[in-house]
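K.L.:
Here is my input, please return the structure:
(2 chains)
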Amino acid sequence: MPIEVNSVSYVYAKGTPFETSALRNVSLTVENGEFVGIMGHTGCGKSTLIQLIDGLMRPTEGKILLDGEDINSKGYDRYKLRRKLGIVFQYPEYQLFETTVERDVAFGLKHLGLSKAEVTDRARWALETVGFDFGKVRGLSPMGLSGGEKRRAAIAGVLAVKPEVLIFDEPVAGLDPLGRDALMELTYDLNAAGTTIIMVSHNADALAEYAGRIIVLENGELIEDGAARQILSDVRKLREKQLGISQPTLIAEMMRERGVDIGHDVIRYNELISRVVLLVNGGVQK
Amino acid sequence: MKAVEAKEILHSYESPGSQNRSLNGVNLSVDQGEFVAILGHNGCGKSTLVKHFNALIPLQQGDLTVAGLDAKSDVNVYKIRRDCGMVFQNPNNQFVSSVIKEDIAFGLENFGTPAEDIPGKIAGALKIVGMQGYDEKSPHMLSGGQKQRIAIAGVLAVEPDIIIFDEATSMLDPEGRREVLETMKRIHDEKNRTIIMISHYVEEAMFADKVCLMSNGKIIAEGTPREILTDPALMMQAGLLPPTAVRAYIDLKNAGVLLQDCPLTNEELVEEICRLK
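P.N.:
Numbers count the residues shown, from 1 in each chain, chains lettered A, B, ... in the order given. Just a heads-up that it's a prediction; the model follows:
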């Protein structure tokens, strides 16, 4: 189910003194099963773009196609869009509202025509997928959970609908390191099981480990779209665009400046370690 | 006089006597002018602890003095809030006005600053955070890092001795984080204020004078950044990951490459590797 963004522009508050052009002539295609990271600094139009893809706003110009159908055309069945695309907003814990965790997670399932038993099964599956013990957590108030737990419960509510495409807006902001890793691994597993993932993040380390492709926005324009390795290893450009650089890439660059080259393409932690081992062992053999 | 002296603080959100506690006997001593980083996993009680320091959460059990003032005494609440300012995670939650100078004046007015002194204090605070000339602008038109710096200016204007940063960088992009961290350092170095910073980013704790690790409502270790951050067992016990350089040291060791000393920073890691080569 590819997503096509065709020459899309978006202007906020058009025709008022506050008119702001948030996106200008952006085109991209996301294929089934991809893991795409979207980077760019605050105000570059990332959130606007995902809200347009999710059909929450209509483009001022251009089209958004889902499976070849224009999601904003007259007569388009928006129900399809809602079932296929799930969006996890920034700080999704703010959208918890029900009296129990199970009811909150099951809210999105109400209109899918599932039996009561199927709804329970889905809620169980979603909560277990994000790492909860269903029996323990189902009857608790979502408001009484810790910050990290709330985040996972809110994500379970989106997962329960089993969307084919999951969009995350800064999912790891405010999570501690182990929580961050657990959430990134969850998205990796979902992607491995066939779910398309689109993730907006400032966290270059997380995107380096998991994303296959990176899109960079700047001042409402798409300025980069390519393989994650190519874009995340281009230190000079990342610095120029004030984007995050992954720790392994930074370390490899610092080594290069000292005359020790372990390759220009290092972006992941395991690559850094294995290249250094190779370098040192190679040196020993000589 | 200590900036903060906490002894056996207990706290429960349910009721003061409840066994379901968020703080389980915290002991902490912060010197004047010290830069202290408090690290810990989500839900370890670090925010609950620092909210005691500016009297946002009243003391249930234990002893606490802030800038020499006893937190148990109700009459000290306003004095403590004046002496200990707080910068929160989300700058949007901290603005009260749509004009920056009015926003900064809010704290000053509430503390009874004479009207003729206010413009000077606003200008001074904006200068320290590097936002001169923004007095007439709206905070909502700024980037995340700029917003957070305006929030810091609002706290600085009141001239508190102690400033708490409660995950003040976690919502910002890399550039915004850098701006806010540099502002923090400048306030510490130039203005000699006591800084207490809460963070998840171990990299941000490296330039603190002291690092305290919290877990399950207790401080489980404190020491210099090097002592704490290069101890992986301790970091794991606190539910945190050591800095990249320390993890690399361990993983290289496991792969048969032994560096001479465990590095703390990326620079030190590169130095150690180059020494082997």
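
K.L.:
Tell me which stretches of chain A form helices.
P.N.:
Ranges of helices in chain A, per DSSP state H, are A:46-53, A:78-84, A:101-106, A:116-129, A:134-137, A:147-159, A:177-192, A:204-210, A:228-232, A:235-240, A:247-257, A:269-285.

K.L.:
Relative to residue B:186, which of those helices is closest?
P.N.:
Residue B:186 lies closest to helix A:235-240 among these, at 22.5 Å (C-beta to C-beta). The way it works is simple: take the backbone N, C-alpha and C, and place the C-beta from them, glycine included.

K.L.:
neighbours around the closest residue to residue A:232 other than its chain neighbours, how many?
P.N.:
Leaving aside its sequence neighbours, residue A:232 sits nearest to residue A:267 (C-beta to C-beta, 6 or more residues apart in numbering or on different chains; 4.5 Å). Residues near residue A:267, counting by other C-beta atoms under 10 Å in any protein chain shown, number 24.

K.L.:
separation between residue A:267 and residue A:181?
P.N.:
17 Å (C-beta to C-beta, to the nearest Å).

K.L.:
before we move on, what about residue A:222?
P.N.:
Taking C-beta to C-beta, one finds residue A:222 at 29 Å from residue A:181.

K.L.:
the more surrounded of the two?
P.N.:
Set residue A:222 next to residue A:181 and count neighbours by other C-beta under 10 Å: residue A:222 wins out with 22 against 15.

K.L.:
pretty sure that one contacts residue A:216?
P.N.:
Yes - at 7.4 Å, residue A:222 counts as touching residue A:216 under the criterion of C-beta atoms under 8 Å.

K.L.:
okay if I get the helices of chain A as TSV plus mean pLDDT?
P.N.:
Compiled in TSV, the helices of chain A are given as follows (pLDDT from 0 to 100):
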stretch	mean pLDDT
helix A:46-53	92
helix A:78-84	90
helix A:101-106	96
helix A:116-129	95
helix A:134-137	94
helix A:147-159	90
helix A:177-192	90
helix A:204-210	95
helix A:228-232	97
helix A:235-240	94
helix A:247-257	96
helix A:269-285	85
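
K.L.:
Quick one: closest of those helices to residue A:34.
P.N.:
Closest to residue A:34 of those is helix A:177-192 (C-beta to C-beta; 8.3 Å).

K.L.:
centroid residue for the chain?
P.N.:
If you meant another chain, say so; for now it's chain A. Against the mean C-alpha coordinate of chain A, by C-alpha atoms, centre = their mean, the closest residue is residue A:199 at 1.5 Å.

K.L.:
please go with chain B instead
P.N.:
residue B:197 (1.4 Å).

K.L.:
Pull the number of nearby residues for residue 40.
P.N.:
Just so you know, I chose chain A. When neighbours are defined as other C-beta under 10 Å, residue A:40 has 25 of them.

K.L.:
if you could check chain B rather than the one you did, that'd help
P.N.:
Residue B:40 has 26 neighbours, counted by other C-beta under 10 Å.

K.L.:
what does the stretch 1-150 of chain A put close to chain B?
P.N.:
Proximity of the stretch 1-150 of chain A to chain B, by C-beta under 8 Å from any C-beta of the partner chain, involves residues A:41-43, A:146-149.

K.L.:
what's the closest non-adjacent residue to the residue nearest to the centre of chain B?
P.N.:
Distances taken as C-beta to C-beta, 6+ apart put residue B:165 closest to residue B:197, at 4.5 Å, once the chain neighbours are dropped.

K.L.:
Make sure that neighbour is actually in contact with residue B:201.
P.N.:
No - Residue B:165 lies out of contact with residue B:201 (C-beta under 8 Å); the separation is 11.8 Å.

K.L.:
Just want to know which of the two has more residues nearby.
P.N.:
Using other C-beta under 10 Å as the criterion, residue B:165 and residue B:201 rank with residue B:165 on top: 28 against 17.

K.L.:
who's in contact with the more buried one?
P.N.:
Contacts of residue B:165 were listed using C-beta atoms under 8 Å, 6 or more residues apart in numbering or on different chains, and they are B:87, B:180, B:184, B:195-199.

K.L.:
so, if you compare those residues, which one comes nearest to chain A?
P.N.:
The shortest approach to chain A among these belongs to residue B:199, at 9.9 Å (C-beta to the nearest C-beta).

K.L.:
what number of residues lie near that closest one?
P.N.:
Neighbour tally, residue B:199, other C-beta under 10 Å: 23.

K.L.:
Look up how far residue B:258 lies from it.
P.N.:
Residue B:199 is 31 Å from residue B:258, by C-beta to C-beta.

K.L.:
Could you do residue B:121 as well?
P.N.:
Relative to residue B:258, and taking C-beta to C-beta, residue B:121 is found at 56 Å.

K.L.:
In terms of neighbours, single out the busier of the two.
P.N.:
Each of residue B:121 and residue B:258 has its neighbours counted (other C-beta under 10 Å); residue B:121 has more, 19 against 11.

K.L.:
Grab the nearest non-local neighbour of the more buried one.
P.N.:
Going by C-beta to C-beta, 6+ apart, residue B:121 has residue B:157 as its nearest residue, at 4.9 Å.

K.L.:
tell me the contacts of the one you found?
P.N.:
B:104-105, B:107-108, B:121-122, B:124-125.

K.L.:
Quick check: PyMOL command selecting the buried ones in the residues you listed.
P.N.:
Typed into PyMOL, the line below selects the buried ones among the contacts of residue B:157, using 16 or more other C-beta atoms under 10 Å in any protein chain shown:
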select buried, chain B and resi 104+105+107+108+121+122+125
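
K.L.:
biggest separation within the contacts of residue B:157, which pair?
P.N.:
Pairwise over the contacts of residue B:157, using C-beta to C-beta, the maximum falls at B:107 and B:124, 13.4 Å.

K.L.:
pretty sure residue B:188 contacts residue B:37?
P.N.:
No - Residue B:188 is beyond contact range of residue B:37, at 11.6 Å (criterion: C-beta under 8 Å).

K.L.:
What pLDDT is listed against the closest residue to residue A:217 other than its chain neighbours?
P.N.:
In this structure, residue A:217 finds its nearest non-sequential neighbour in residue A:40, 3.8 Å apart by C-beta to C-beta, 6+ apart. Predicted confidence (pLDDT) for residue A:40: 90.

K.L.:
mind giving me the domain split of the chain?
P.N.:
Looking at chain A here, since you left the chain open. A:3-243, A:246-286 (automatic domain parsing).

K.L.:
could you do chain B instead?
P.N.:
Using automatic domain parsing, chain B is parsed into the domains B:4-238, B:243-277.

K.L.:
ok, which stretches of the stretch 151-277 of chain B are helices?
P.N.:
B:174-191, B:202-205, B:225-229, B:232-237, B:244-254, B:266-276 (DSSP state H, counting those that start in this stretch).

K.L.:
Kindly reformat these as a markdown table and extend each row with mean pLDDT.
P.N.:
Formatted as a markdown table, the helices of the stretch 151-277 of chain B follow (pLDDT from 0 to 100):
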| stretch | mean pLDDT |
| --- | --- |
| helix B:174-191 | 88 |
| helix B:202-205 | 89 |
| helix B:225-229 | 96 |
| helix B:232-237 | 92 |
| helix B:244-254 | 95 |
| helix B:266-276 | 93 |
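
K.L.:
and these as CSV, adding distance to chain A?
P.N.:
Below are these laid out as CSV (distance: least, C-beta to the nearest C-beta, whole Å):
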stretch, distance to chain A
helix B:174-191, 4
helix B:202-205, 8
helix B:225-229, 12
helix B:232-237, 9
helix B:244-254, 4
helix B:266-276, 5
